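Colleague: What shape does this take:
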Amino acid sequence: MSDRYERSAYVSYYWEGNVTENESVFPLESREGICPDIPLMYPADEILEVRSSDLATLYTEGKDYTLVNGRLRILKDGCIPTVAHKDFFIAEKPAEGPAFLCRFGGYIFFAEGAEMHNRQIAVTYRHSAAWQGFVPAAQGAELPKTLAKLEAGEKLKVLVYGDSISTGANSSGRVGAEPYAEPWYDMLCGTLRERYNCEVELTNTAVGGTATRWGLENVEELAAAHTPDLAILGFGMNDGSGRVSVEFYIERLKKIMDAIRAKNPDTEFILISTMMPHAIVDRFLGNQEAYLPALLGLAETGCVVANVTDAHKTLLCRKRYYDMSGNNVNHPNDFLARLYAQVLLRTLEK
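Modeller: As a prediction, the model looks like this:
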């Protein structure tokens, strides 16, 4: 446990071990003004710490919170701030700032930057329950050139190319908020440097709001020109919301890969299947999940799929969307960015 960001703890696999550190939750009140008991990734046997999202404030068990049937209960007269139901599910569109229609009627809270992060809290707890759900596959053997460089301690050139999730939105380190947790790609590359004692040169040319069409239009300058050893492609969230067909999505990804290979035939690829958008936000849930089987069909030696989609769906069976979102619509917070890093690290294992 710590009051600061520590990479080693954040990349510890969620599906292993019996202690979960700094799991994020969003203390949302019901219509009646009561904060319902909050489900965690595992039913907790013992809560070790509850802190503010910046990790600076340590809350007191019995005064601010307690554990009830494996869930976190926030005590009404304690010091943990809660969010009123009316401020989350909004009846009328705000006069200022963006808002998105809720499929249940009215609007739903949305904010970029650190607004969601600042309203969340971090829970560290011990559990005895075993992981039930998706476990990413180790696929390093299918990336022989990448693994050979890592194991030999040679320089590895990594390119990240994709949409806003690939820019690191909304990791606390990217939005300038404590505890300044790294975005997933820095967790990944930093861990690889430590694990293999080698140089990992990271180039990130991702741009928010983009999809595979933009990716193909800009591939020569922003991807192929960098001649990476390993290209990590992270498109899918915006394609899915835009109802881009599976066929067009895959066709464009193939062309992006072909353009990169034309400059460096030795480039290997990790294709990230996207996290899911918030299902109750109008017009955001689309074809994201439908892309996964087609992505898996591209897997071969030199190209693997980091299956974030199924990993996120497993978490959604246990936790509420807004407990692990950075904007309440389609971006990860620190806790979900950790999942991206973990899935990618597991993907690179033999």
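
Colleague: And the pLDDT at the residue of the chain positioned farthest from its centre?
Modeller: Relative to the average C-alpha location in the chain, and by C-alpha atoms, centre = their mean, no residue lies farther out than residue 77, which sits at 32.9 Å. Residue 77 is assigned 93 on the pLDDT scale.

Colleague: so how far is residue 35 from it?
Modeller: From residue 77 over to residue 35 the distance is 12 Å, taken as C-beta to C-beta, to the nearest Å. Backbone N, C-alpha and C define where each C-beta goes, glycine included.

Colleague: which residues touch the closest residue to residue 307 other than its chain neighbours?
Modeller: In space, residue 307 comes closest to residue 273 once its chain neighbours are excluded; the distance is 5.3 Å by C-beta to C-beta, 6 or more residues apart in numbering. Contact criterion C-beta atoms under 8 Å, 6 or more residues apart in numbering gives 236, 291-292, 295, 305-310 as the residues in contact with residue 273.

Colleague: now the helices: where do they sit in this structure?
Modeller: If DSSP state H is used as the criterion, the helices of the chain fall at 7-10, 85-88, 115-119, 144-151, 164-167, 172-175, 184-196, 212-217, 219-222, 237-241, 246-263, 291-296, 308-316, 334-347.

Colleague: Mean neighbour count and mean pLDDT added to the ones you listed, as TSV?
Modeller: Output for the helices of the chain, formatted as TSV (neighbours: other C-beta atoms under 10 Å; pLDDT from 0 to 100):
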stretch	mean neighbour count	mean pLDDT
helix 7-10	16	98
helix 85-88	14	95
helix 115-119	21	97
helix 144-151	17	98
helix 164-167	24	98
helix 172-175	21	98
helix 184-196	21	98
helix 212-217	20	98
helix 219-222	16	98
helix 237-241	25	98
helix 246-263	17	98
helix 291-296	18	98
helix 308-316	20	98
helix 334-347	25	98
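
Colleague: and residue 31, which of those helices is closest to it?
Modeller: With C-beta to C-beta as the measure, helix 85-88 is the member of the helices of the chain nearest residue 31 (5.0 Å).

Colleague: Could I have the CA atoms of that closest one written out in PDB?
Modeller: What follows is helix 85-88, C-alpha atoms only, in PDB (Å, rounded to 0.1, in the frame of the first residue of the first chain):
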ATOM      1  CA  HIS A  85     -28.100  11.500  -8.200                       C
ATOM      2  CA  LYS A  86     -29.400  14.700  -9.800                       C
ATOM      3  CA  ASP A  87     -25.900  15.800 -10.600                       C
ATOM      4  CA  PHE A  88     -25.100  12.500 -12.400                       C
END
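
Colleague: next one: that helix to chain centre, how far?
Modeller: Taking the mean of its C-alpha atoms, helix 85-88 sits 25 Å from the chain's own mean (C-alpha atoms, centre = their mean, to the nearest Å).
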